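# how would this look folded up:
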Amino acid sequence: MKKIVVHVVGVGTIGEPLIGLLCDFKDQLGIDDITFHKNTPLTRDRAKVISLMDRGAHLTTHKDKIKDFADIGLNVEYDIESAIDRATVVIDCTPKGKGHANKKEYYEKYSHNTLGFIAQGSEFGFGKMYARGINDSALKYGGQFIQVVSCNTHNIAVMVKTLSMINDWKYDNNGIRLSSSTIAESNLQEGRFILIRRANDVSQNAGFISAPSVDIHKDEIYGTHHAKDASLLFNTINVNLNLFSSSMKVNSQYMHVLHFYLKLKTSTTLNKIKESLFENDNVAVTDKMDVNEVFSFGRDHGHYGRILNQTVVSLPSLNLSNGTDITGFCFTPQDGNSLLSSVSAAMWFIDPENYEKKIQCLDKCFYDEV
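Purely as a prediction, here's the structure:
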C-alpha cells in the first residue's frame, strides 16, 4: 500500500505551525510521512528547520540548492519534484501569488499522482473555497484544488452561520455532532463587518505601520474582499447573503478584531444568541475585552501558541436591539482557524468517508472558553 504523505510548502506563519501540528498528530490522523519545502538556506532559519526535522518532518528543496543547505548543516532528503510526486496531499503555505505559480509550474504537472492540492487565503481562484464546518458538503465538488479562506473570512463566516442560520446537523453513532451537511434556511437580512487588523504577525519583520490606517472599499457591493470571500464561500452551498465589510490596520502585532452587525429576519433573544455560541465547537467565548489577554492565553495554552477555534467572541460586547439586530466584537485567533481547515481538507482528500472522525483528535487544541 502506498504511504500516506503530506507535503507542506513553506515554513512561514502558517507553514511552520502546520508542520508541527501534523507531526504531533500524524499517528492519530493516519499519516505515514510529512515533508516540507524550504526555498532558501538561511542560517537564521536553521534552528526552526532543525526543530521541525527533530519532530519527524523531512526537508526538501530545489535540486540546485541541496548543497547550499548541506553547507549550513541541513540534510535535504528530497528535491521539490520528487517530494510533490510522492505526496498524497500538498499544502501550499507560501506568500501571496506563489501558490498560483507553484500550481502552474509543479502541481498541475504532478496532479496524476497526488490526491489533492491546498493553498491559503491569499490565493484566490486556486480552487474550491473552503472553511471547516462552513461548507464541508461542497468538498465533493471541489476537484483536486482547494483554497482555504483567510483567517478573517473564517471569522465572518462562522459568526454568520452560528447566529443567523438554521443548521441541519448530523451525528455519529456516539452522539458526536458532525459538521452541518445542508443549510435548511438563512435567517440573515444583512451583515456588516469592520475588520480591525493587526499590522503583521509577531514573527514578521516587514509590514508594521506607525499609526492606524484605513483601507479602500474596492468593491461597491461587498466593500473589502473579506465580505466578498465570505459570500462566495457560502455560494458553494447555494446560500446567497447580503454582506459588506470595511477594514483597517492598527499598529499592533497581537490579533485581528472583528466588529459585527447582523440583522436577522426573525427576532431572537440574547440568551439564544449565547446558547448558539456555546453549542458551536468552532467558537470560543470569553469575558475578556482586551486583545493582549486573549493573545496571551493562546501563547500560553495553544498549540504552537495558537487557538484553533475559528473565533473568540467577547461576551460583554454582545448587544441585541429590536430583537433582530446583533452587534458585538470577536477576536480572530491568529492563523489557527486556517490551520484547522488545512488539516481538515487534507484529511478529506486522504479519507473522505472518515475524515470527520479522524480530525476529532485535534479536539484538545480547542477551547470552549478563553
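# partners of Asp325 in the sheet?
Lys263, Ser321 (DSSP bridges).
# burial count for it?
The number of residues packed near Asp325 is 15, by other Cβ atoms under 10 Å. All C-beta atoms are positioned from the backbone trio N, CA, C, and that covers glycine.
# pretty sure it is touching Lys263, no?
Yes: counting by Cβ atoms under 8 Å, Lys263 is a contact partner of Asp325 at 5.4 Å.
# Pull up the overlap in contacts between the two.
Here Asp325 and Lys263 have no joint contacts, going by Cβ atoms under 8 Å, 6 or more residues apart in numbering.
# Got the confidence number for the residue lying farthest from the centre of the chain?
Checked against the mean C-alpha position of the chain, the extreme residue using Cα atoms, centre = their mean is Asp71, at a distance of 35.1 Å. The predicted local confidence for Asp71 comes out at a pLDDT of 97.
# can you tell me how far it sits from Leu42?
Between Asp71 and Leu42 the computed distance is 12 Å (Cβ to Cβ, to the nearest Å).
# Tell me the secondary structure of Glu190, please.
Secondary structure state of Glu190, per DSSP: H, G, I helix; E, B strand; the rest coil, is strand.
# count of neighbours near the nearest residue to it once chain neighbours are set aside?
The shortest distance from Glu190 to any residue that is not its chain neighbour, by Cβ to Cβ, 6 or more residues apart in numbering, is 4.4 Å, and that residue is Asn242. Other residues within reach of Asn242, judged by other Cβ under 10 Å, total 15.
# try Ser246
Around Ser246 there are 18 other residues, counting by other Cβ under 10 Å.
# Would you double-check that it falls in a helix?
No: note on Ser246: no helix contains this position according to three-state DSSP, which reports strand.
# my read: it touches Ile216, true?
No: the pair Ser246 and Ile216 does not pass the contact test of Cβ under 8 Å, sitting 9.7 Å apart.
# Domain-wise, how is this structure divided?
Per the record, the chain has its domains at 5-149+338-365, 153-334, by automatic domain parsing.
# Lowest mean pLDDT across the ones you listed, which one is that?
By mean pLDDT, the lowest-scoring of the domains of the chain turns out to be domain 153-334, with a mean of 88.
# Please, where are all the helices along the stretch 251-370 of the chain?
Taking DSSP state H, counting those that start in this stretch as the test, the helices found in the stretch 251-370 of the chain are 270-279, 291-301, 336-350, 355-358.
# any chance of the ones you listed in a markdown table, with distance to Lys228 and mean neighbour count too?
Written out in a markdown table, the entries for the helices of the stretch 251-370 of the chain read as follows (distance: least, Cβ to Cβ, whole Å; neighbours: other Cβ atoms under 10 Å):
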| stretch | distance to Lys228 | mean neighbour count |
| --- | --- | --- |
| helix 270-279 | 25 | 15 |
| helix 291-301 | 26 | 17 |
| helix 336-350 | 18 | 26 |
| helix 355-358 | 28 | 18 |
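# Relative to Lys109, which of these is closest?
Closest approach to Lys109 among the helices of the stretch 251-370 of the chain is made by helix 336-350 (18.0 Å; Cβ to Cβ).
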